[in-house]
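S.K.: Got a sequence here, can you build the structure:
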Amino acid sequence: MGEDWCLEKLENLRIKENRVETLNEIRSHLNIAQSLENIVTEKLLKSSEIYDCLEEQDNSNNASVQSDLAIDILSICMSHLTINQTDLPNLLERSLQHNNPKVRALALNTILKELAKHSNATVAEDLIQVIINCIAEHETSVGAPSVEILSILLADKINKRQFKEALLSKLNQSDDIVRCRIYEVAINLSKISPAHLSEVEEILHSAVETLENNDILLQVNVLEILASLAGQNHGLVFLEQKRVFEKISKRVDEIEQNPLDRLLVPGIMKFFGKIAYNQPQKIITGYPNMILCLFDCIHSADPMILPTAFDTLGNLAHSQQGKLLLEANYSSYLRQTFEDFFSYLRNLPTELKNRAFNALEIVFSCEGEASQDVSKVLQKWYQILAGGENLQFLMDFCRNPFPDIKVACLNFIRALCRYRWGIVALKYTAGFVEYLLDRKVEFDKDAKYAKFEIIEILSESNVFDVQTQLQLKKYVNEGPYFVQPIVEIAVEGS
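M.R.: Below is the predicted model of the structure:
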């Protein structure tokens with residue numbers, strides 16, 4: 001299958017009546033070929049005949065089949081390209097500028113896959129310019145991969161004037177969706193180093209300015225994009241210099257005067273929560289109004305806000321430092337919060353119960369071994385949450401027939417069993433050890449493994465009597481999915 005074969009097939013494509021049959025032949029040959037000659041790939045990718053098959057304007061089934069076949073052929077050809085090819089811009093130029101978004105997305109995803117393999121590849125500057133144009137496309141299938149590609153390719157080229165000017169030009173000419181994509185590229189580059197941040201500061205300044213306009217949806221999106229910048233110290237310094245924290249905090253303080261700003265609350269919670277994940281002291285001690293707003297959100301029982309509020313609490317209490325700071329500064333509010341959780345776990349819809357359990361798992365987990373102070377704080381929080389019970393209130397969730405809620409609860413219990421007081425609470429919960437050791441009650445694979453992880457922790461403790469300890473170790477040795485063999489007894493005459 002060489003150049004002559006390729007030229008013959010392209011000639012056949014010029015006859016409209018032969019197109020579907022010829023396209024099928026080309027695709028079949030490409031699929032079964034052990035190797036594909038470069039000349040064939042180049043001819044097909046640059047041929048006007050293949051692209052003509054994508055230009056049919058009628059809505060007939062034949063036109064749709066023809067278009068799908070042509071896209072399949074382009075996809076197979078692109079899979080043989082490499083990012084270091086010097087002729088890559090020429091080979092992809094027509095696809096990247098085609099009016100069919102499927103074709104543009106195909107070319108972009110080809111580049112993205114190659115960059116995933118060779119992130120340090122050298123790419124022609126004219127190709128980068130074409131991709132900057134693609135970022136302004138309305139179709140997500142085209143715009144989203146453009147963001148990822150530019151975040152990689154511009155890492156060592158953003159200091160070049162033509163690229164900065166191209167991004168700023170798109171920023172000034174585009175709608176909110178495209179502007180957010182450009183903000184995302186700028187943030188991704190900024191996270192690399194202070195020098196990179198300096199190169200895109202004009203774009204970041206534009207992002208910060210949007211926080212003061214009247215478009216609530218745009219502000220929510222920009223807040224989410226900006227939050228990732230605070231993970232680096234130089235990014236945090238930039239946000240502080242631009243008074244971003246103060247601006248957002250003020251919006252919360254004045255929320256009664258601007259009722260529409262209530263729509264911003266979940267986005268604000270998410271923003272501060274993401275920052276608190278890495279900088280708990282800054283948020284917990286520096287912005288008390290934000291923490292109080294979070295507790296109000298949890299207490300409100302608003303199903304639209306609760307998911308974000310649960311996640312934010314998890315971010316705040318993710319670290320040992322965060323747990324201690326919350327207890328030191330907001331002890332009375334935490335009591336109300338865990339009492340609310342006790343009620344929510346009984347009354348919320350299943351999806352929100354799962355989110356609540358996920359948040360509790362994070363709150364009661366620790367990276368590394370918990371300090372004695374942290375263990376005491378968590379024991380206090382658990383006693384409030386459990387309402388004076390051991391683990392009895394969790395037994396119903398463990399016996400729930402739906403695997404998702406059962407696994408979420410078991411994962412929370414696993415977090416509790418990282419502490420001696422948690423294992424003791426489990427020991428004195430009637431029937432709990434027996435339930436864990438009973439292999440006949442679980443059919444879901446994830447639930448079986450979640451139980452196994454708990455038993456693995458229990459088997460290493462010294463809380464149980466010798467007989468129970470042996471049962472736990474036996475369970476661990478048999479593994480999470482062990483099935484007791486059925487012994488058949490032969491009967492005389494059978």
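S.K.: Quick check, Arg420 in contact with Leu458.
M.R.: No. Using C-beta atoms under 8 Å as the test, Arg420 is too far from Leu458 to be in contact (11.3 Å). For every residue, glycine as well, the C-beta is placed using N, CA and C.
S.K.: Model confidence score at Gln57, please.
M.R.: We have a pLDDT of 58 for Gln57.
S.K.: Check the one 5 residues further on too.
M.R.: In the prediction, the pLDDT value recorded for Asn62 is 71.
S.K.: same question, Thr350
M.R.: pLDDT at Thr350 comes out at 91.
S.K.: And for Pro401?
M.R.: What the model reports as pLDDT for Pro401 is 84.
S.K.: got it, and the one 10 residues further on?
M.R.: Asn411 carries a pLDDT value of 96.
S.K.: same question, Glu492
M.R.: As predicted, Glu492 sits at a pLDDT of 56.
S.K.: that older thread, same drill for Arg420 and Leu458, tell me which one is more crowded.
M.R.: Remark: of Arg420 and Leu458, Leu458 carries more neighbours, 25 against 13, as counted by other C-beta atoms under 10 Å.
S.K.: secondary structure class for the more buried one?
M.R.: What DSSP: H, G, I helix; E, B strand; the rest coil gives for Leu458 is helix.
S.K.: May I have stretch 121-129 as CSV, with CA atoms only?
M.R.: The C-alpha coordinates for stretch 121-129 follow below in CSV (Å, rounded to 0.1, in the frame of the first residue of the first chain):
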residue,chain,number,x,y,z
ALA,A,121,9.1,18.7,22.4
THR,A,122,9.9,21.6,20.1
VAL,A,123,6.8,22.8,18.3
ALA,A,124,6.7,25.3,15.4
GLU,A,125,5.6,28.8,16.4
ASP,A,126,3.1,29.0,13.7
LEU,A,127,1.4,25.9,15.1
ILE,A,128,1.1,27.6,18.5
GLN,A,129,-0.5,30.6,16.8
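S.K.: What are the contacting residues of that stretch?
M.R.: 83-84, 86, 88-89, 92, 111, 114-115, 150, 153-154, 157, 160, 162-163, 166 (C-beta atoms under 8 Å, 6 or more residues apart in numbering).
S.K.: now swap in stretch 308-317 and tell me
M.R.: Stretch 308-317 is contacted by residues 266, 269-270, 272-274, 276-277, 280, 283-284, 291, 294, 297-298, 322-323, 326, 337, 355-356, 358-359, 362-363 when judged by C-beta under 8 Å, 6+ apart.
S.K.: Neighbours of the closest residue to Leu115 other than its chain neighbours, how many?
M.R.: The shortest distance from Leu115 to any residue other than its chain neighbours is 5.1 Å, reached at Ile152 (C-beta to C-beta, 6 or more residues apart in numbering). By other C-beta under 10 Å, 18 other residues sit near Ile152.
S.K.: hang on, Ser190 packs against Leu239?
M.R.: No. Ser190 is not in contact with Leu239 according to C-beta under 8 Å; the separation is 10.6 Å.
S.K.: In terms of pLDDT, where does Pro101 sit?
M.R.: pLDDT, read off for Pro101, is 91.
S.K.: In contact with it: list those residues for me.
M.R.: Contact analysis of Pro101 by C-beta under 8 Å, 6+ apart lists Glu137, Glu139, Ser141, Val142.
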